[in-house]
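Colleague: coords please:
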Amino acid sequence: MRLSAVLRIVAIVFTLLATWLFAHTYFKGTGKTISLRGFLGSSSKTTEKHPRNKCDNSKKCPKDFFAFQISSGAANVVGPSICFEDKVLMSGVKNNIGRGLNIALVDGVTGILKKYQYFDMFSGDINTLLKFLKEIPKSTLVLVASFDDPGTKLNPEARKLLTELGSTHAQNIGFRDSWVFLGAKDIKDKSPFEEYLKNKPDQNKYDGWPEALKIEGCVPRKVA
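Modeller: Residues are numbered from 1 along each chain as shown. Just a heads-up that it's a prediction; the model follows:
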């Protein structure tokens, strides 16, 4: 072996030992321990990755449950979004939302999207909304998200129909309120999936509008 090669090996060993000594001395003073392997980036530890849940929800839904997430609009700037079983049904990106009430109908047995539509409750789209609500078939999940103004043109009949879908707050929705809701056509009680925030000028997060709302969860699949 040539002398130059021997000198290279000695230099490498010396450098490694010096590095280890430096690290050992430094981290000993700070109360930490470190190995030469760890200092050189050869740690055997692996970063644990948590699986992503449907609709980016915080919890995984059990078998025979559908995952959903509904967000209302933020003021009149950021539109609402409706996600069901990891599929975005309505959103600004899909360009199928509008001012007022955004409603998606999903088959409660199969989880398949049946229909979606938005209704302008400021300028007056009440007759179209009434027809839409009356024609919802049984075993249908109803997902609703407000945007800007969901309540100005809501009349008693529309409020009654929304209440029959399981809403607790349909009777109170007014000008620029925030509202998100998941109900069903043949529900026998009030839905547990609903959030409502009144437009209060002295408490609003935005100038003229309350903050946006979001609900997420797992809704049981209906037995056929």
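Colleague: Might one say that residue 206 is in contact with residue 72?
Modeller: No. Assessed by CB atoms under 8 Å, residue 206 is found out of contact with residue 72, at 11.9 Å. Backbone N, C-alpha and C define where each C-beta goes, glycine included.
Colleague: Please identify the buried residues of the helix or strand that contains residue 131?
Modeller: Assigned by DSSP states H and E, residue 131 belongs to helix 126-134. Neighbour counts over helix 126-134 (16 or more other CB atoms under 10 Å) mark 126, 129, 132-133 as buried.
Colleague: And stretch 205-224, by the same measure?
Modeller: Quick answer for stretch 205-224 (16+ other CB under 10 Å): 209-210, 212-213, 215-219, 221-222.
Colleague: Those residues in strands, which ones?
Modeller: 215-219 (DSSP state E).
Colleague: JSON lines for those residues, including distance to residue 100 and pLDDT?
Modeller: Supplementary listing: these in JSON lines, determined by distance: CB to CB, whole Å; pLDDT from 0 to 100:
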{"residue": "215", "distance to residue 100": "19", "pLDDT": "98"}
{"residue": "216", "distance to residue 100": "23", "pLDDT": "98"}
{"residue": "217", "distance to residue 100": "24", "pLDDT": "97"}
{"residue": "218", "distance to residue 100": "28", "pLDDT": "98"}
{"residue": "219", "distance to residue 100": "24", "pLDDT": "97"}
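Colleague: Name the SS class of residue 161, please.
Modeller: helix (DSSP: H, G, I helix; E, B strand; the rest coil).
Colleague: ok, back up a step: so which of the ones in strands among the buried residues of stretch 205-224 is the closest to residue 191?
Modeller: Proximity of these to residue 191 was ranked by CB to CB; the top entry is residue 219 with 9.1 Å.
Colleague: Just grab the bridge partners of that closest one for me.
Modeller: residue 66 (DSSP bridges).
Colleague: tell me the contacts of it?
Modeller: Applying CB atoms under 8 Å, 6 or more residues apart in numbering to residue 219 gives the contacts 65-66, 68, 141, 182, 193.
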